[in-house]
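S.K.: coords please:
(one chain, ligands or ions: 1)
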Amino acid sequence: MNLLKTKKVSIALFFLILFFSPGSASAQNLMRPIQVQNVTTTTADIIWKSASGGTSQVKYGTTTSYEMGTANGANGRKQIDNSPGFMHKASITGLSPNTKYFYQALTNGGGMSAAGDQTYYIKTSPVTGSSTPFSWVVIGDSGNGGSNQKATATQIANKKPELVIEAGDVVYGSGGYGGYASLSGEPEQDRLHYDIFKESMKFSPYYLACGNHDNNSNNTPAGILNGCDVMVDDQSMPNGGRLPGSSGSGSSVIYSFNYGNVHFTVLNANPEASPQLGGAQLNWAINDIRNSAQPWKVVVWHQNGWSAGTHSTNANVTANLIPMVQDAGAHVVLWGHSHVYERFSRFANQGKAGCTTAGGCRNKGPYYFTIGNSGSGGATGTCGSYANGPMCLARSGVGNIPTGTGLLYAQTNGNSMTFSYVTSSGATSESVTYNLSEFGPVIPPTAGPSPTNQPTSPPNSTPTRTPTPLSGATNTPPPIITQPPGGVCTYYKN
Ligand SMILES: [Fe+2]
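M.R.: Next up is the predicted model:
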């Protein structure tokens, strides 16, 4: 055998050994992008899916030498929909707040990413309640697999937010979340979600809400499960992603968590989850929001309240979820479903008038957003007032805000929070800043009608509240601009 032949054989043998080595990356075959999940001040979960089961490990450290050691998880497991491959998870503990760590995931000792790759990192939450700034992104209704969704994914990767909120309809596939486009074996959520957002999923924990398309139980292979249950199984959500003390499909994708000085509450507005006042979910939610000591309280669900986009105002949301967040003292409420961007004013008195809960009500309610155009947009419509509701103040397709797709980019900085609407091409169309001092204290409950049983008396001819300067406010208190027909609420323009 001449020297050249020997060299060729050696090279072939090298690659053969590398491929079939039990610890090699190629033998393990990564089947779903590696995600950082459930990040707190001191912990983080890393999850991934590979072709084989076996050990789950994550090396980590403040440098890419991963000097802090290895976190060992349970061996890879099958998912509840019995889809191909094995889910792996390793939980890292003992981290410091507001600190960046690099990591590498391994199945059976084989790296799922290249050692030293600096795009795989964890950024832990600032100390709970602290004023340390951080940024986050909200998207909705992205999951169609089209070029606009991919453009949205690029913007998220560019922004490098510390977390991403998805306001539902994560997947528009034939079977919904947990469904299969064909029997080829790849779940729809891989093709329409994980594969597309994989770059930012390496470092930004995604927090999903379950939309009506995700919830589709008409999955193939037939009847496997409710899509919201599969979503819980796919992710490492806070508190297991379930309404505390409950089980079953009606309790899935309902959870809350803290990040920095914000308390985030994610709700399931699908009918299966019974999102009605007096029901288990909203009873839990109002206490969860009210009892949080966090300065900021943000609430997310999928179905829109008021909207003039691809969906009009949803009566169940305005009759149940809205009174709940008004009473609970939320500051910002985010939803999708309607494929537009809409920014609404607060309306002041619904919570005060209803004030059905023992702890009292905030007398100036939350700001509301529709962000349901992160995958498809372009619906025409108006931006106006809503009876017994707030006023639409901005909208994609109106004024300087282009029709089309986009995302909401939030920057939390102590007592202020700025929301910027960013198109999928990366342009910022508008920004608005809210300050905690705008909201006023939670006021004690007073006797009065419940939010679902408001007075039907004619509207007053004068506003029910005169704006007064707020001490320490960085924004001018918003003026009352109109009185709604037949309602008890006042509108505030920001
Ligand atoms: Fe929807």
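
S.K.: ok, the residue lying closest to residue 275 once chain neighbours are set aside to the ion distance?
M.R.: Nearest non-adjacent residue to residue 275, counting by Cβ to Cβ, 6 or more residues apart in numbering: residue 269, 4.7 Å away. For the C-beta atoms, the positions are set from N, CA and C on the backbone; glycine is no exception. Going from residue 269 to the ion by Cβ to the ion, to the nearest Å gives 10 Å.

S.K.: surely residue 269 forms part of a helix?
M.R.: No. Assessed with DSSP: H, G, I helix; E, B strand; the rest coil, residue 269 is coil; it does not lie in a helix.

S.K.: so it versus residue 175, what's the distance?
M.R.: Noted for residue 269: a distance of 21 Å to residue 175, by Cβ to Cβ, to the nearest Å.

S.K.: over to residue 40?
M.R.: Noted for residue 40: a distance of 33 Å to residue 175, by Cβ to Cβ.

S.K.: so for these two, which sits in the more crowded spot?
M.R.: residue 175 (24 against 18; other Cβ atoms under 10 Å).

S.K.: before we move on, the earlier item: how about the residue nearest to residue 275, what does it touch?
M.R.: By Cβ atoms under 8 Å, 6 or more residues apart in numbering, the contact set of residue 269 is 275, 301, 302, 303, 316, 317, 321, 335.

S.K.: from what I can see the second one touches residue 209, true?
M.R.: Pointing back at residue 301 there. Yes. The pair residue 301 / residue 209 is scored as a contact, 5.8 Å apart, by Cβ atoms under 8 Å.

S.K.: overlap in contacts, these two.
M.R.: With contacts taken as Cβ under 8 Å, 6+ apart, residue 301 and residue 209 have 167, 168, 266, 267, 268 as neighbours in common.

S.K.: list the contacts for the last one?
M.R.: Put plainly, it is residue 268. The neighbours of residue 268, taking Cβ under 8 Å, 6+ apart as the test, are 209, 210, 228, 252, 253, 254, 275, 281, 301, 302.

S.K.: report how many residues lie close to the fourth one.
M.R.: Taking other Cβ under 10 Å as the criterion, the count of residues near residue 252 is 29.

S.K.: with the fifth one instead?
M.R.: Here the number of neighbours of residue 253 (other Cβ under 10 Å) works out to 32.

S.K.: list the residues that contact it.
M.R.: 208, 209, 210, 228, 231, 232, 237, 241, 242, 266, 268, 273.

S.K.: may I have the predicted confidence score for it?
M.R.: At residue 253, the model reports a pLDDT of 97.

S.K.: and it, how far from residue 267?
M.R.: From residue 253 to residue 267 the distance is 8 Å (Cβ to Cβ).

S.K.: before we move on, what about the fourth one?
M.R.: As for residue 252, its distance to residue 267 is 11 Å (criterion: Cβ to Cβ).

S.K.: do a quick rundown of the helices in the stretch 301-450 of the chain.
M.R.: In the stretch 301-450 of the chain, the helices defined using DSSP state H, counting those that start in this stretch lie at 315-316, 322-328, 350-354.

S.K.: next, give phi and psi for the residue nearest to residue 275.
M.R.: Main-chain torsions, residue 269, degrees, to the nearest 10: phi -90, psi 10.

S.K.: residue 200 now?
M.R.: phi -80, psi -20.

S.K.: and the most centrally placed residue in the chain, what element?
M.R.: Nearest residue to the geometric centre of the chain (Cα atoms, centre = their mean): residue 165, 2.0 Å. According to DSSP states H and E, residue 165 maps onto strand 163-166.

S.K.: list the strands paired with that strand, with their directions.
M.R.: Here strand 163-166 is paired, per DSSP bridges, with strand 134-139 (parallel), strand 206-208 (parallel).

S.K.: what number of residues lie near residue 143?
M.R.: Other residues close to residue 143 by other Cβ under 10 Å number 30.

S.K.: what does residue 97 give?
M.R.: For residue 97, the neighbour count with other Cβ under 10 Å is 15.

S.K.: which residues are in contact with the nearest residue to it once chain neighbours are set aside?
M.R.: Excluding the flanking residues, the one nearest residue 97 by Cβ to Cβ, 6+ apart is residue 41, at 4.1 Å. Shown in contact with residue 41 (Cβ under 8 Å, 6+ apart): 95, 97, 98, 124, 125, 126, 127, 128.

S.K.: check the secondary structure at residue 41 for me.
M.R.: Using three-state DSSP, the structure places residue 41 in coil.

S.K.: check contacts around the closest residue to the ion within the chain.
M.R.: Using Cβ to the ion, residue 337 is the residue of the chain that sits closest to the ion, at 3.9 Å. For residue 337, the contact set (Cβ under 8 Å, 6+ apart) comprises 140-141, 167-169, 211-212, 302-304, 307, 310-311, 314, 370, 372.

S.K.: again, but for residue 300
M.R.: Going by Cβ under 8 Å, 6+ apart, residue 300 touches 138, 165, 167, 207, 209, 264, 265, 266, 267, 333, 334, 335.

S.K.: nearest to residue 119 among those residues?
M.R.: Using Cβ to Cβ, the shortest approach to residue 119 within these belongs to residue 207, at 20.6 Å.

S.K.: ok, the closest one - how many residues close by?
M.R.: With neighbours defined by other Cβ under 10 Å, the count for residue 207 comes to 27.

S.K.: hey, what's it bridged with?
M.R.: residue 165.

S.K.: next: residue 57.
M.R.: Beta-bridge pairing of residue 57 under DSSP bridges involves residue 72, residue 106.

S.K.: going forward, the N-terminal residue is numbered 520.
M.R.: Okay, residue one is now 520; in that scheme the one you just asked about reads as residue 576.
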